[in-house]
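K.L.:
Here is a sequence with its predicted model. Questions after.
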Amino acid sequence: MACLHDHSCEDHDCSSDWSLYQHIDLPKVSALNEAVPGSVKSVFKAWEQRLNSSGEHLESNDGDPELLVYIPFTSDVKIKSISIVGGADGTSPSKMRVFINRDGIDFSDAQGMQAVQEWDLVENLQGVLEYQTRYSKFQSVANITLHFPDNFGGETTQIHYIGLKGEATQLKRDVVATIVYEVMPNPSDHKTKAETGGGISHVE
C-alpha cells in the first residue's frame with residue numbers, strides 16, 4: 001500500500017522519521033546486476049537529500065531491469081515503511097519484493113522464494129510516496145533484501161533513493177554484552193559458591 005505524507009514537512013521533522021539510513025552497515029551493502037560496482041551505496045542518504053540527483057545513483061545493466069539490493073544494519077531495527085525514488089522515462093522500478101534476515105540471496109533464490117511482503121510501485125519522482133510494511137513482520141530486522149524484478153518499460157532500472165522509516169532496537173549490542181558477561185563471570189560469584197560449598201552445574 002502506497003500512501004502520501006499526512007503532514008507538511010515544514011511543520012514536522014521528516015528527516016528524523018527517515019533516519020534508519022544512519023543504522024545501515026554501509027560498507028556491507030551490495031547489489032546484484034548494478035552497472036557500476038558499489039553505486040548502490042549512494043542511494044542511502046538523508047531525507048532532505050532524496051531528490052538530489054546530481055551525484056551517483058543505482059542503475060541496472062543495459063537490457064536487464066532486475067535489481068537485488070542487500071541492506072545489513074549495525075543493530076536490529078523495526079521498519080514501518082519504505083520509500084523509493086526511481087528514474088524518469090520508464091526506468092523507475094514497478095515492483096518491490098522484500099526478504100528479511102536472509103543472507104546471500106541471488107536472483108534464482110529471490111524468484112523462487114515467498115517474499116515477506118511485496119508491492120506494486122508507482123513512479124515516485126518527487127519522493128512523496130511511502131509503502132507501509134506489515135509492521136508485525138518487520139521486527140528485529142538484522143538485514144533486508146529488496147528485489148526489484150521489473151520497471152515501467154525502460155532499458156535499465158534506476159534508483160536514486162531508498163528510504164527506511166522505523167527505529168533501531170540496539171538488540172545486537174545488548175546480546176553481545178550478555179555473551180561477554182556469561183563468558184567472563186564475576187570472580188566474586190565463584191568465591192561465594194566455594195565458601196558455601198556450592199558447585200557449578202553444566203547445562204546440557
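P.N.:
Looks like it arrived, so ask away.
K.L.:
tell me which residues of the lengthiest strand in the chain are tucked away?
P.N.:
When the chain is parsed with DSSP state E, its longest strand is strand 67-86. For strand 67-86, a neighbour-count test (16 or more other Cβ atoms under 10 Å) marks 67-74, 76-86 as buried. (C-beta placed from N, C-alpha, C; glycine too.)
K.L.:
so who does D120 touch?
P.N.:
If you count contacts by Cβ atoms under 8 Å, 6 or more residues apart in numbering, D120 has them with S94, K95.
K.L.:
quick one: low-confidence parts of the chain?
P.N.:
Applying pLDDT under 70 to the chain flags the ranges 1-17, 53, 171-204.
K.L.:
what are the ranges of the strands in it?
P.N.:
For the chain, applying DSSP E gives strands covering 2-4, 30-32, 58-59, 67-86, 95-100, 117-120, 129-132, 141-148, 158-168.
K.L.:
Distance to S39 for those strands - can I get that in a markdown table?
P.N.:
Converted to a markdown table, the strands of the chain look like this (distance: least, Cβ to Cβ, whole Å):
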| stretch | distance to S39 |
| --- | --- |
| strand 2-4 | 25 |
| strand 30-32 | 8 |
| strand 58-59 | 5 |
| strand 67-86 | 11 |
| strand 95-100 | 19 |
| strand 117-120 | 23 |
| strand 129-132 | 23 |
| strand 141-148 | 14 |
| strand 158-168 | 10 |
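K.L.:
now for those, which one comes closest to S42?
P.N.:
Of all the strands of the chain, it is strand 58-59 that lies closest to S42, at 7.0 Å by Cβ to Cβ.
K.L.:
The closest one pairs with which strands, and in what direction?
P.N.:
If you go by DSSP bridges, strand 58-59 pairs up with strand 158-168 (antiparallel).
K.L.:
I'd guessed S81 sits against F138; true?
P.N.:
No. Contact criterion Cβ atoms under 8 Å: S81 and F138 do not qualify, at 9.3 Å.
K.L.:
So for the two, which residues contact both of them?
P.N.:
G166.
K.L.:
how many neighbours does N33 have?
P.N.:
18 (other Cβ atoms under 10 Å).
K.L.:
From P93, how far out is it?
P.N.:
From N33 across to P93, the span is 12 Å (Cβ to Cβ, to the nearest Å).
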